[in-house]
Each structure stands twice: as structure tokens, then as C-alpha cells.
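Asks: Here's a sequence, model it:
(one chain, ligands or ions: 2)
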Amino acid sequence: MSDDLYNNEVAFELQPKVIDESRQGEALAAGHAETARANGKKFYIESYGCQMNFADSEVVASILNGAGFDATTDFTEADLILLNTCAIRENAEQRIRGRLQHFKGIKRRKGILVGVLGCMAERLKEKFLEQEKIVDIVAGPDAYRSLPDLIEEAGSGQKAVNVLLSREETYAEISPVRLNSNGISAYISIMRGCDNMCSFCVVPFTRGRERSRDWQSIVNEAKDLYEQGYREVTLLGQNVDSYRYSDDPKLVGKKLLEAKYEEGVINFAQLLEKVALVAPDLRVRFSTSHPKDMTDDVLHMMAKYHNICKYVHLPVQSGNSRVLEMMNRTYDREWYKQRIDAIKTIVPEAAISTDIIAGFCSETEEEHRDTISMMEYVKYTMAYMFVYSERPGTVAAKKYTDDVPEEVKKRRLQEIVDIHRIHSLESNKQDVGKVFEVLIEGISARNDMELYGRNTQNKVIVFPKGDLKTGTYANVLVTHCTSGTLIGTVVS
Ligand code: 5AD
Ligand code: SF4
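Replies: Ligands and ions are numbered 1, 2, ... in the order given. Below is the predicted model of the structure:
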């Protein structure tokens, strides 16, 4: 139910066909129109969950290309079917089960291999291999380099599993093969894993310890993308503000945290600047920021460079300090508000979005109203809203009782969604009459005489096509809006 609401929310109104607009979006089948190599085998991959998973599928595609496999968007012609899975909420798992059943028929007919990748791999490996006999390969998020070996093992009839997590793996030098790409915006993964241990979250268990990728390889990837015609990159990490990289092998752990720029350590604000300097017309976005770590330096860097987009995704989770403490978010309501004030002061034109969980363990009505009042304070332009879903192995599952009744959770979520819709409509109405620089991403799904793109605040704008081209910038005057989309006309 929460995901239904969530998906409605993400997809609501006139959302044109945007690839993985959501962080927990619908599954997308991958692939370019592929030119099959002589005797080349084909793989088909579906990705679920967050942007990191979509970015990982592109690393997987690169590794498989290296092993002689080409991507296909048609699973009936694939030799290898892969599902890159998400474990963040319970119903994500149900969905994968359903999908596996779907592939059963064609597997029987063709003798193809089926693999489960990503966050569900570790916890469910036995179940997948033994109960759901359809699965031949299970690979965790840090095991993708071993996929060619796993495929070989599986091909000779063995069950092939690698779910080891690594402290070093960042796939730094692997050039992702862009899947489902519009050729204009791309993800760049800048770090992996998470050390935060929010009590509700399974990610630290499924994706392992936090590690940052070599900054030079990130900048090189951005340069390559720019040369290929891309005009927007999104730097991805579970907590980008804790990005820290040093070439010095002695600088690890606490030493790395304490080391300074002069000692060759790069933090997130500095990385942001290096990527912004790749080209003035290459837009730079980033996700996800953590309220405990987001520094004013990052905000000043956003203000300094026109091409760093004025948009911050700052998950609040709850507006109540007691609940935040139970969630182990390590900030309280006042701290979060102070971070919001800093954004509004340093980058006044910035849009702010968030993630909210309704009905966390022991949350009272009054505490729920604190979340609503936080929404009133910030006026988020976009929000991803969920009911709490207990995940096995998390601190919350071990320590707390999931005691808010399901119907109360759903009612609270509905209230949150309703308020958010009002705020996003209000915010869009304030944009009517303004002119925005829009990076044109494609043709609107609803009307092929219209284009769509985004402004720096990450709002989607639809406007008549004229003779404009995707991948270029246009100045668009907003003439009207819905709660999900701005509608406008091009001005010179
Ligand atoms: N239940 C509900 N929502 C969750 N999220 C993470 N874990 C859970 C859970 N157990 C949400 C958080 C996070 C987003 C990616 O998913 O809001 O920011
Ligand atoms: Fe999960 Fe918290 Fe890490 Fe985000 S910061 S991935 S919510 S543990």
C-alpha cells in the first residue's frame, strides 16, 4: 500500500516519460538496441529500488559486455535474465517473487540462466536457490566482478553464489554501460555502502561499509559523459556528505576523517567543485544528503557554480525528536530546521525534497503531527513517503515493537501525502510567470508535439516543441501548472 501511494505520488499528474525519476521507482527493463556480436549471448536486466541500483546495473552491463554478452530489452531472446533487487520494504520482495514466476515458463522452454543481484541477495540466497528452483545465480552488490565466473559455474549445472561484501570495492575504473539512457542525464556512483545504521534501514546490512571512490575516476567519468553529449550528471551515494577520498593508503578510518585538504583528502564540497568545473554547461546534481553531515561548504559551492543544481534531497524521516532518536538519525528537530534555514539563506532559490516514514514504532498522534508541522515549515517541492515496514535484522526489528496498527500507519501516510500535494501545488503556482533555464530531456509521453525537461530545482516543465533539440537548454516561461508539472512556452 505504501508503495502504491508512493508510486502514485511519484507518477502523479503529467509526469512525462522520465527514466527512474523515482528513487524507489518502477522496474525498468534495460538495454540499448543492441547489435548482436557474432555468437554473442544476450542478457536482459531489470532494476528495482533506488538510483544506486540503477547505476549498479550499468556496471553489471559493462562487466557482462566484457564477457561477451550484449544487452537486450526483450527477455524472450535473452540467454541470461537478471533481476537487480531492492530489500528496503517488504513488498519489494513480494514483487521479485512474482517476477521470478513470470520467467519460469520461458526458462523451461529455453534453458536460460536466471540471476538475482543486489540487496535481496544476501538474506534470501538459500531461499532463492533452494525454494525457487528457477534461480541459478545469486550475486550481492559487491560481487559483480565475479559474474562471468558465476555464469560459467551456473552453466555447468552448479548453483553459483557470491554475496561477500567488501570494504574496498567501488568499481572505480569500470565504465558503466548506459542503459535506458536518454543520452542526456546519467548517474555517477561516488561511493558505496552506508555506516549510519538508521534503526529502520536494511541498507548497511545489504550494501556493507561505506567507502568512497577515487575522485579522479569520478571526474574522468563526468568528462567522458560530457564528450558523449551528456549534459547532466547525478552524483550518487547513500550519504554523499560523508564522501572522503585520499590516495594515501595510510589514511584510513579515523585518520581519513581527521585529515585535511592539504594532506590530499577530498571531501564532498571539493568533489562537487571538481565535477562542476568539467564544463559550465554540464549540470551537476547529487543525492542523498544527510542532515547530520550536510555542511555549509556544500551549500556555498552550490551557490558559487551556476551548473550545480539548486536542489537538495534532505530526508527528514520524522519531524519529532524522540522518534528521530529511536530511528538513530543522530539529529533532532531543531538541528534539521537549522539545516533547512542554512539552505534557505545560502541558496535561496533551492528546492528541497525529502523522505518521510509514517508510523514508526511507538509514534504517537502528537509526534505524527510534528512531522506534518515540519512539512509546513519546509514546504517540500517533492517527497517520497512511506509507511514503516519492519525489516529483519535491523536494530528497530530487534529492539522495538512495530506497534502502530496498519490502518493508523496508512491514515497517517495519507495525511502526509495530502499535505504534500497541497505544498507542491502551492510551490508550482509560485513558479507561474517565472522564466527557467530548462535542460531538454525528451519528447513528452502525452503529446509528441511537446518536449519536457527540468529546471535547476528539478521540476519537470513541458512546453511546445518548435524546432528545439533534446540535450540543449531553453528558457521557458511558465504559464500554468498542475501539482506535478509546470507547463510553459519558450522565450528567447
Ligand atoms: N520502512 C519504510 N521506509 C523505509 N525507508 C528505509 N527503510 C525503511 C523501512 N524499513 C525509506 C527511508 C529512506 C528511503 C530510501 O526509504 O525514508 O530514506
Ligand atoms: Fe539507510 Fe540511514 Fe544509510 Fe540512508 S543513511 S541508507 S536510511 S542507514
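
Asks: Can you give me the neighbour number for Glu349?
Replies: Glu349 has 12 neighbouring residues, counting by other C-beta atoms under 10 Å. From N, CA and C alone the C-beta is placed, and that goes for glycine too.

Asks: Could you check how far it is from Ser156?
Replies: Computed with C-beta to C-beta, to the nearest Å, the distance linking Glu349 and Ser156 is 59 Å.

Asks: Ok, Ser287 next?
Replies: If you measure Ser287 against Ser156 using C-beta to C-beta, the figure is 41 Å.

Asks: higher neighbour count, the two?
Replies: A direct count of neighbours by other C-beta under 10 Å for Ser287 and Ser156 places Ser287 higher, at 22 against 7.

Asks: The more buried one contacts His313, doesn't it?
Replies: Yes - Ser287 lies in contact with His313 (C-beta atoms under 8 Å); the separation is 4.8 Å.

Asks: Enumerate the residues of the stretch 251-400 of the chain near ligand 2.
Replies: His290 (C-beta under 6 Å from any ligand atom).

Asks: ok, now which ones touch the closest residue to ligand 1 within the stretch 251-400 of the chain?
Replies: With C-beta to the nearest ligand atom as the measure, Asp355 is the residue of the stretch 251-400 of the chain nearest to ligand 1, at 3.3 Å. Applying C-beta atoms under 8 Å, 6 or more residues apart in numbering to Asp355 gives the contacts Arg23, His313, Pro315, Val316, Gln317, Ala383, Tyr384, Met385, Phe386.

Asks: cool, Arg167 as well?
Replies: Counting by C-beta under 8 Å, 6+ apart, Arg167 touches Gly208, Arg209, Arg211.

Asks: For it, grab phi and psi.
Replies: Per-residue torsions, Arg167: phi -90, psi -10 (degrees, to the nearest 10).

Asks: let's have the chain start at 352 instead
Replies: Sure, I'll start counting at 352 from here, so that last one is Arg518.

Asks: distance of it from ligand 1?
Replies: Arg518 sits at a distance of 23 Å from ligand 1 (criterion: C-beta to the nearest ligand atom, to the nearest Å).

Asks: ok, the closest residue in space to Ala494 that isn't next to it in sequence - how many residues close by?
Replies: Leaving aside its chain neighbours, Ala494 sits nearest to Asn513 (3.8 Å; criterion: C-beta to C-beta, 6 or more residues apart in numbering). The local packing of Asn513 (other C-beta under 10 Å) involves 19 other residues.

Asks: do Tyr594 as well
Replies: Residues near Tyr594, counting by other C-beta under 10 Å, number 25.

Asks: In contact with it, which residues?
Replies: Residues counted as contacts of Tyr594 (C-beta under 8 Å, 6+ apart) are Ile541, Met542, Ser563, Gly588, Ile617, Asn618, Phe619, Leu622.

Asks: Look up phi and psi at the closest residue to ligand 2 within the stretch 352-501 of the chain.
Replies: Closest approach between the stretch 352-501 of the chain and ligand 2, counting by C-beta to the nearest ligand atom: Ile439, at 8.1 Å. Here is the backbone geometry of Ile439 (degrees, to the nearest 10): phi -70, psi -30.

Asks: wait, Val635 sits on Lys661?
Replies: No - using C-beta under 8 Å, Val635 makes no contact with Lys661, being 11.0 Å away.

Asks: With neighbour numbers in mind, choose between the two.
Replies: Taking other C-beta under 10 Å, Val635 and Lys661 do not tie; Val635 has more neighbours (25 against 19).

Asks: In which helix or strand does the more buried one reside?
Replies: Element membership of Val635, judged by DSSP states H and E, is strand 634-638.

Asks: Which SSE is immediately downstream of that strand?
Replies: Counting by DSSP H and E, what follows strand 634-638 is helix 647-655.

Asks: Low-confidence ranges, the protein, go.
Replies: Residue ranges of the chain with pLDDT under 70: 352-390, 483, 600-606, 608-614.

Asks: So for it, the centremost residue is which one?
Replies: Central residue of the chain (C-alpha atoms, centre = their mean): Gln402, 2.4 Å from the mean position.

Asks: thought that residue was touching Tyr538?
Replies: Yes - with contact defined as C-beta under 8 Å, Gln402 reaches Tyr538; the gap is 5.8 Å.

Asks: what do those two both touch?
Replies: When C-beta under 8 Å, 6+ apart defines a contact, the residues bordering Gln402 and Tyr538 alike are Thr585, Leu587.

Asks: Give me the distance from stretch 555-563 to the chain's centre.
Replies: Remark: stretch 555-563 is offset 15 Å from the chain centroid, using C-alpha atoms, centre = their mean, to the nearest Å.

Asks: Now the terminal residues of it, how far apart.
Replies: 15 Å (C-alpha to C-alpha, to the nearest Å).

Asks: Mind giving me the packing neighbours of the helix or strand harbouring Gly449?
Replies: Here Gly449, judged by DSSP H and E, is contained in helix 441-461. When contacts are defined as 3 or more C-beta pairs under 8 Å, 6 or more residues apart in numbering; DSSP states H and E, helix 441-461 packs onto helix 353-362, strand 392-400, strand 431-436, strand 464-469.

Asks: That one: which residues count as buried?
Replies: Neighbour counts using 16 or more other C-beta atoms under 10 Å place Ala443, Glu444, Arg446, Ile447, Arg450, Leu451, Phe454, Ile457, Lys458 of helix 441-461 among the buried residues.

Asks: is any part of the top helix by length along the chain close to ligand 1?
Replies: Longest helix of the chain, by residue count under DSSP state H: helix 757-782. No - residues of helix 757-782 contacting ligand 1 under C-beta under 6 Å from any ligand atom: none, with a closest distance of 9.7 Å.

Asks: after that helix, next one along is what?
Replies: Next element after helix 757-782 (DSSP H and E): strand 786-794.

Asks: List the strands paired with that following strand, with their directions.
Replies: Using DSSP bridges, the strands paired with strand 786-794 are strand 801-805 (antiparallel), strand 824-832 (antiparallel).

Asks: May I have that strand as PDB, with CA atoms only?
Replies: C-alpha atoms of strand 786-794 as PDB (Å, rounded to 0.1, in the frame of the first residue of the first chain):
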ATOM      1  CA  VAL A 786      11.300  32.000 -16.700                       C
ATOM      2  CA  PHE A 787      13.500  29.000 -16.100                       C
ATOM      3  CA  GLU A 788      16.500  27.600 -17.900                       C
ATOM      4  CA  VAL A 789      15.500  24.000 -18.900                       C
ATOM      5  CA  LEU A 790      17.700  21.200 -20.000                       C
ATOM      6  CA  ILE A 791      15.600  19.400 -22.600                       C
ATOM      7  CA  GLU A 792      15.400  15.700 -21.900                       C
ATOM      8  CA  GLY A 793      12.900  14.300 -24.400                       C
ATOM      9  CA  ILE A 794       9.500  14.200 -26.000                       C
END
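
Asks: Fine by me, thanks again.
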